[in-house]
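> Here's a sequence, model it:
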Amino acid sequence: MPKLYTGAGDEGRTSLLGGGKVSKAHLRVEAYGTIDELNAALGAALSFTSDEETALVLQTLQRRLFSLGAEIAAAPEYQGAVAGGIAGEDISYLERTIDSVDARLPKLKSFIIPGGTSAAALLHLARTICRRAERCVVRLNEEEPLRGVVLMYLNRLSDLLFVLARYANHLAGVKENEWSRSENGG
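Below is the predicted model of the structure:
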């Protein structure tokens with residue numbers, strides 16, 4: 001493997017997969033950088049996860065996010081050539097997992113305040129990063145159309161992360177911190 005540092009980006013530009021260079025401030029770089037940040041947050045949550053099933057789900061998500069990041073890091077004309085991109089079965093996996101985990105949880109009666117165990121708090125943090133990544137990808141899609149499945153994946157993923165955060169607290173016997181309007185003067 002070549003040296004980690006090359007100096008090629010020292011002037012604020014970076015290469016896209018398949019060719020071409022863009023500013024490091026380009027929306028495409030922000031989008032795949034935010035997906036990378038999400039992947040790192042999942043790694044942090046994984047380090048606090050003791051449930052084997054949840055750990056396997058998080059590892060699967062990390063691998064899929066790596067593929068998603070690669071697709072977004074590709075030059076527009078090269079995106080279809082990126083192997084292992086997000087597909088319809090990835091959306092189905094997210095939906096099945098959401099349904100399976102949610103079926104084990106008490107029904108929500110109000111909004112909840114993020115927190116609880118370390119794993120749950122980090123999963124809530126990952127959920128908010130996922131929503132930011134989704135916003136970046138939506139903006140990128142408005143300028144340079146992406147495959148619809150990419151937007152769907154991030155939307156479902158944030159739902160799954162919410163359910164996994166609740167599940168982490170449930171497994172640990174931690175009561176969810178509910179929010180009510182009466183506490184907030186309303």
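> Quick check: closest non-adjacent residue to the spatially most central residue of the chain.
Geometric centre of the chain, nearest residue: Cys130, 4.0 Å, by Cα atoms, centre = their mean. Spatial nearest neighbour of Cys130, excluding adjacent residues (Cβ to Cβ, 6 or more residues apart in numbering): Ser158 at 4.2 Å. Backbone N, C-alpha and C define where each C-beta goes, glycine included.
> Tell me the spacing between the residue nearest to the centre of the chain and Leu61.
To Leu61, Cys130 is 10 Å away according to Cβ to Cβ, to the nearest Å.
> was I right about Asp102 contacting Leu164?
No: using Cβ atoms under 8 Å, Asp102 makes no contact with Leu164, being 9.9 Å away.
> and these two? which has more neighbours close in?
Neighbours were counted for Asp102 and for Leu164 using other Cβ atoms under 10 Å; Leu164 has more, 28 against 17.
> just the helices in the protein please.
For the chain, applying DSSP state H gives helices covering 27-47, 52-73, 88-102, 118-143, 148-172.
> so how far is the longest one off the chain centroid?
Taking Cα atoms, centre = their mean, to the nearest Å, one finds the center of helix 118-143 at 6 Å from the center of the full chain.
> Quick one: mean pLDDT for that helix?
Per-residue pLDDT over helix 118-143 has a mean of 97.
> which stretches of this protein have low pLDDT?
Applying pLDDT under 70 to the chain flags the ranges 1, 7-10, 14-16, 22, 24-25, 78-84, 180-186.
> hmm, back to that, run a quick neighbour tally on the residue nearest to Cys130.
Counted with other Cβ under 10 Å, residues neighbouring Ser158 total 20.
> quick revisit: which residues are in contact with each of Cys130 and Leu61?
Common neighbours of Cys130 and Leu61, counting by Cβ atoms under 8 Å, 6 or more residues apart in numbering, are Leu157.
> what comes into contact with stretch 95-104?
Stretch 95-104 is contacted by residues Val57, Arg156, Asp159, Leu160, Val163, Leu164, Tyr167, His170 when judged by Cβ under 8 Å, 6+ apart.
> Now the two most distant members of those residues.
Distance extremes for these: the farthest pair is Arg156 and His170 at 20.6 Å, using Cβ to Cβ.
> close enough to count as contact, Gly18 and Ala75?
Yes: look at Gly18 against Ala75 with Cβ under 8 Å: they come within range, at 4.3 Å.
> contacting residues for Tyr93?
Under the criterion of Cβ under 8 Å, 6+ apart, the neighbours of Tyr93 are Thr60.
> Could you check how far it is from Leu56?
Distance from Tyr93 to Leu56, counting by Cβ to Cβ: 12 Å.
> Same check on Met152?
Distance, Met152 to Leu56, by Cβ to Cβ: 22 Å.
> Give me the more crowded residue out of those two.
Neighbours per residue (other Cβ under 10 Å) separate Met152 from Leu56, with Met152 holding more: 16 against 12.
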